[in-house]
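Colleague: fold the following.
(one chain, ligands or ions: 1)
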Amino acid sequence: MKEQIRVTVWNEYRHEKESPEIARIYPQGIHGTIAGFLNRQPDITARTATLDEPEHGLTDEVLAATDVLIWWGHMAHAQVSDAVVDKVQVRVLNGMGLIALHSAHFSKVFRRLMGTSCSLKWREIGERERLWVVLPGHPIVEGLGEYFEIPHCEMYGEYFDIPQPDELVFISWYQGGEVFRSGCCFYRGRGKVFYFAPGHETLPIYHQPEVQQVIINAVRWAAPVNVVGFRNMPEAPNVPQPLEEVIVQPD
Ligand code: ZN
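Modeller: Predicted coordinates for the structure are as follows:
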């Protein structure tokens, strides 16, 4: 059997515990729903971790055994410890993939990896969103049409304060007139980061087949690439011996 992609689905898991309406949409939590459809893929093994577990469920052992980390957070970003953020950042620089979903645009881990405020506009009136594929050769759009729609969403609008994405995969149009860079790829060190906007907690968005397909595709895209013997970040080794003979000209 082909080697499995090991995914950890992290969720702050607060909305589902506090709101019966949200718990009805996600009885096992948002993390449970996402891990559920990922585990139906033959090449993916997903586990979950949540904020209230020791070390937020992201111990050194868990992070070392994670190829792709998925992050959903909203109301408790500030409660995520900086020590865990440091470790996630180093793991990404050393090849772990990160998929930041919806309100994770404001998570500490995503903002750390972007270096900008990651602020945006938002509105919650249940309008329609149409996600246009703008990079049709990209593996994250495998199996999709030229666009797909989410019947009711929370609007996230430009300007979105992120660095220019290395690859822009989706642009969303909203019924109210705004647009948004809703699927953005970034390379950080040896790691890959995908931001995907859909996923407001009061709407059944992670049950929608196209949204699930994007997340499954993103897991496969974000999985680490094995470069044999590559150095660990942030090591900066001195290499006094050049690969070729260097004849230094006298002044
Ligand atoms: Zn939201």
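
Colleague: do stretch 112-124 and the ion meet?
Modeller: No - against the ion, stretch 112-124 shows no contacts by CB under 5 Å from the ion, the least distance being 7.0 Å. Heads up, the C-betas are built off the backbone N, CA and C, glycines and all.

Colleague: kindly export that stretch (C-alpha atoms) in PDB.
Modeller: The C-alpha atoms that make up stretch 112-124 are tabulated as PDB, following Å, rounded to 0.1, in the frame of the first residue of the first chain:
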ATOM      1  CA  ARG A 112       3.100  34.400  11.800                       C
ATOM      2  CA  LEU A 113       3.600  32.700   8.500                       C
ATOM      3  CA  MET A 114       2.300  35.600   6.500                       C
ATOM      4  CA  GLY A 115       3.900  38.500   8.400                       C
ATOM      5  CA  THR A 116       1.000  40.800   7.700                       C
ATOM      6  CA  SER A 117      -2.200  41.700   9.600                       C
ATOM      7  CA  CYS A 118      -4.400  39.300   7.500                       C
ATOM      8  CA  SER A 119      -7.400  41.600   8.000                       C
ATOM      9  CA  LEU A 120     -10.300  41.600   5.600                       C
ATOM     10  CA  LYS A 121     -14.000  42.800   5.300                       C
ATOM     11  CA  TRP A 122     -16.800  40.600   6.400                       C
ATOM     12  CA  ARG A 123     -20.600  40.500   6.400                       C
ATOM     13  CA  GLU A 124     -23.000  37.800   7.700                       C
END
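
Colleague: so, low pLDDT: which residues of the stretch 51-200 of the chain?
Modeller: Applying pLDDT under 70 to the stretch 51-200 of the chain flags no residue at all.

Colleague: taking it, what residue is nearest to the ion?
Modeller: As assessed by CB to the ion, the ion sits closest to His200 within the stretch 51-200 of the chain, at 3.6 Å.

Colleague: against Thr50, how distant is that residue?
Modeller: Distance, His200 to Thr50, using CB to CB, to the nearest Å: 19 Å.

Colleague: so where do the strands sit in this structure?
Modeller: Secondary structure of the chain, counting by DSSP state E: strands at 5-11, 44-50, 68-72, 97-101, 121-133, 147-157, 167-174, 179-188, 191-196.

Colleague: now render those as a markdown table, adding mean neighbour count and distance to Tyr206.
Modeller: Formatted as a markdown table, the entries for the strands of the chain read as follows, by neighbours: other CB atoms under 10 Å; distance: least, CB to CB, whole Å:
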| stretch | mean neighbour count | distance to Tyr206 |
| --- | --- | --- |
| strand 5-11 | 25 | 10 |
| strand 44-50 | 20 | 13 |
| strand 68-72 | 27 | 9 |
| strand 97-101 | 27 | 8 |
| strand 121-133 | 16 | 14 |
| strand 147-157 | 19 | 11 |
| strand 167-174 | 21 | 16 |
| strand 179-188 | 21 | 15 |
| strand 191-196 | 25 | 11 |
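
Colleague: got JSON lines for these, with distance to Ala222 too?
Modeller: As requested, those are exported to JSON lines (distance: least, CB to CB, whole Å):
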{"stretch": "strand 5-11", "distance to Ala222": "9"}
{"stretch": "strand 44-50", "distance to Ala222": "11"}
{"stretch": "strand 68-72", "distance to Ala222": "5"}
{"stretch": "strand 97-101", "distance to Ala222": "3"}
{"stretch": "strand 121-133", "distance to Ala222": "18"}
{"stretch": "strand 147-157", "distance to Ala222": "20"}
{"stretch": "strand 167-174", "distance to Ala222": "12"}
{"stretch": "strand 179-188", "distance to Ala222": "9"}
{"stretch": "strand 191-196", "distance to Ala222": "5"}
